[in-house]
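Visitor: Predicted model and sequence follow; I will ask about them next.
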Amino acid sequence: MAMAMMTMRRAVALGARHIPAAPAASSRVVPLRHMSADAGAAMEKILSVGLLRTQGLIAGKWVDAYDGKTIEVQNPATGEVLANVPCMGSRETSDAIASAHSTFYSWSKFTASERSKALRKWYDLIISHKEELALLMTLEQGKPMKEALGEVNYGASFIEYFAEEAKRIYGDIIPSTLSDRRLLVLKQPVGVVGAITPWNFPLAMITRKVGPALACGCTVVVKPSEFTPLTALAAADLALQAGIPAGALNVVMGNAPEIGDALLQSTQVRKITFTGSTAVGKKLMAGSANTVKKVSLELGGNAPCIVFDDADIDVAVKGSLAAKFRNSGQTCVCANRILVQEGIYEKFATAFIKAVQSLKVGNGLEESTSQGPLINEAAVQKVEKFINDATSKGANVMLGGKRHSLGMSFYEPTVVGNVSNDMLLFREEVFGPVAPLIPFKTVEEAVNMANDTNAGLAAYIFTKSIPRSWRVSESLEYGLVGVNEGIISTEVAPFGGVKQSGLGREGSKYGIDEYLELKYICMGNLG
Ligand code: NAP
């Protein structure tokens, strides 16, 4: 973690109710003259609408780390430093929790209609700042502008959806077993939520949690990834502008284990919702046991994409290309293993390679780019390790297979043939632009290979047979199945995994249940 001491910033340890507003953030913004022309122009645009926030948000105030430490936020396409944000830890997190806890008592008393209106306004503000948010995302995460704009729409859709859903949190009346009693079920907000999110979807992974949490009256402490805090802070700024009360949404970032521990140890935090790696998810689940928190986990995947002999080749190529190469292969639902039936293997491989060759690698700010850089050097080294492991065990690189000539963390879109189940490319999430092709003979063999993993997030199948679509979909041990479709996420459908890919669901009418407790009320002696 790159850290730099902030000048002239005193360490302050204050209770949540006395958090001072820090001075203007301009000192944390790297002078635009130090940036490449396109990044500078993008930053200028973001600055012009006041959305370059470089401090944490606690109790409605923008604050620095109490010891003045900062983290650099870098552009993965160029390595240039975009801004410095506070490197916060347990003290700031405790204050954020205290602020969320005291605000819970007022926010949860707002009527559903009032909460709905504030969320709707937040949605409108996100949409009206679509371009600036997308620019921020491209700058700090690297994804192409077109994908970033898509993520803003996708991320905003959770706020809109849960603004509507806020008004539909119905309870129940249960037919009583005794004539003088009435039995009721109320749905009430869980309380303070700790939300920890990854860098690959800097906006949507936050709104998918914060939307339903705020809709039902919870308050939230968000910890975005150290790699992509700027999008999170800009979104939080828009939430304040929308009238979400100070303290209902707090944002801290910096020392992840310290922030995580503060959230886990607090008895005031009643729920942890996490999106990220399976390893960290397991730690958070274990750490939640001591205070018996509710837990939702959206963890890593190892998606199979099964192309049957009877598939429409064009549909299969288009779908698997989209499922594999979105965000340069850095999504949890990316096709990680492309299983191709023998009869179609050669034909599919030829068409797929041709499609991959058309992907344009570059800086996400350039309009023609369809593949941005990987998030950092460690991500590239992981890809290299997986490729070396596969080739040492008999796989053949059919396309790409090395760092891109652009340098930095750019990697060539890659296709690897003859991958088998003893290779890392089969067993683990590569999280990069590498498509492993794996031949198979029978439907049963394909399903067995697909399920031969501890992950269970997304799976894809391509076939023209309706009976096969049903049978295979039902046999796949996955939370999401795309049939003849490579992009399946939407705010109206439940998103989540089985096995070690996670617990709970996000989005849809089911997603709100994760933030609610049921209360049974027995009214007796009614005569
Ligand atoms: P990660 O390393 O687990 O980080 C995720 C978040 O956890 C970040 O905010 C990180 O902070 C924080 N963190 C790391 N160690 C922590 C600790 N000890 N205590 C508390 N928080 C901690 O995952 P990532 O590399 O950002 O994301 C990639 C992974 O996310 C992939 O496995 C992908 O499949 C998964 N993912 C899953 C879904 C889904 O919906 N299932 C969606 C997107 C991504 P810092 O970044 O500041 O260190």
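Guide: Arrived safely, thanks for sending.

Visitor: Could you check which helix or strand contains the most centrally placed residue in the chain?
Guide: The C-alpha lying nearest the average C-alpha coordinate of the chain belongs to Met205 (CA atoms, centre = their mean; 3.2 Å). If you go by DSSP states H and E, Met205 is part of helix 204-215.

Visitor: who touches the next helix or strand after that helix?
Guide: Per DSSP H and E, helix 204-215 leads on to strand 219-223 as the next helix or strand towards the C-terminus. Residues from elsewhere that reach strand 219-223 (CB atoms under 8 Å, 6 or more residues apart in numbering): 93, 96-97, 100-101, 103-104, 107-108, 191-197, 206, 209-210, 213-214, 232, 236, 247-253, 256, 259-260, 263, 269. Every residue, glycine included, has its C-beta placed from N, CA and C.

Visitor: now, which of the residues you listed lie within strands?
Guide: Mapping the contacts of strand 219-223 onto strands (DSSP state E) picks out Val192, Val193, Gly194, Ala195, Ile196, Leu249, Asn250, Val251, Val269.

Visitor: ok, the nearest residue to the residue nearest to the centre of the chain once chain neighbours are set aside - contacts?
Guide: Excluding its sequence neighbours, the residue lying closest to Met205 (CB to CB, 6 or more residues apart in numbering) is Thr197, at 4.2 Å. Residues counted as contacts of Thr197 (CB under 8 Å, 6+ apart) are Met205, Ile206, Lys209, Val222, Lys223, Pro224, Ser225, Ala232, Phe274, Thr275, Gly276.

Visitor: how much space is there between Val415 and Cys332?
Guide: Per CB to CB, to the nearest Å, Val415 is found 21 Å from Cys332.

Visitor: out of these two, which sits in the busier spot?
Guide: Higher neighbour count among Val415 and Cys332: Cys332, with 28 against 24, using other CB atoms under 10 Å.

Visitor: pretty sure that one is in a helix, no?
Guide: No: going by DSSP: H, G, I helix; E, B strand; the rest coil, the assignment for Cys332 is coil, not a helix.

Visitor: which SS state does the nearest residue to it once chain neighbours are set aside fall under?
Guide: Ranked by CB to CB, 6+ apart and with sequence neighbours excluded, the top spatial neighbour of Cys332 is Gly301, at 4.6 Å. In three-state terms, and counting by three-state DSSP, Gly301 is coil.

Visitor: The ligand contacts on the protein?
Guide: Residues of the chain found near the ligand (CB under 6 Å from any ligand atom) are 196-201, 205, 223, 225-227, 256-257, 260, 275-277, 280, 283, 298-301, 332, 429, 457, 497, 502.

Visitor: how about 5 Å then?
Guide: Residues of the chain found near the ligand (CB under 5 Å from any ligand atom) are 196, 198-199, 225-226, 256-257, 260, 275-277, 280, 298, 300, 332.

Visitor: In this structure, where is pLDDT below threshold?
Guide: Residues of the chain that meet the criterion pLDDT under 70 lie in 1-28, 33.

Visitor: and the residue nearest to Cys332, what is it in contact with?
Guide: Going by CB under 8 Å, 6+ apart, the list of residues near Gly301 reads Cys332, Val333, Cys334, Asn336, Glu429, Ala455, Gly456, Leu457, Ala458, Gly497, Ser501.

Visitor: so how far is Val81 from it?
Guide: Distance, Gly301 to Val81, using CB to CB: 32 Å.

Visitor: do the same with Leu480
Guide: To Val81, Leu480 is 37 Å away according to CB to CB.

Visitor: go on, Asn451?
Guide: In terms of CB to CB, Asn451 sits 45 Å off from Val81.

Visitor: could you dump the helix ranked longest in the chain to CSV, C-alpha only?
Guide: Using DSSP state H, we find that the single longest helix of the chain is helix 145-165. This file holds the C-alpha atoms of helix 145-165, laid out as CSV (Å, rounded to 0.1, in the frame of the first residue of the first chain):
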residue,chain,number,x,y,z
MET,A,145,-15.7,4.4,-20.6
LYS,A,146,-18.4,2.5,-22.3
GLU,A,147,-18.3,-0.1,-19.6
ALA,A,148,-18.0,2.6,-16.9
LEU,A,149,-21.1,4.3,-18.2
GLY,A,150,-22.9,0.9,-18.2
GLU,A,151,-21.8,0.4,-14.6
VAL,A,152,-23.2,3.8,-13.6
ASN,A,153,-26.6,2.8,-15.0
TYR,A,154,-26.4,-0.6,-13.4
GLY,A,155,-25.3,0.9,-10.1
ALA,A,156,-28.0,3.5,-10.1
SER,A,157,-30.6,0.9,-11.0
PHE,A,158,-30.3,-0.6,-7.5
ILE,A,159,-31.0,2.8,-5.9
GLU,A,160,-34.0,3.3,-8.1
TYR,A,161,-35.3,-0.3,-7.5
PHE,A,162,-34.9,-0.1,-3.7
ALA,A,163,-36.4,3.4,-3.6
GLU,A,164,-39.5,1.7,-5.0
GLU,A,165,-39.1,-1.4,-2.8
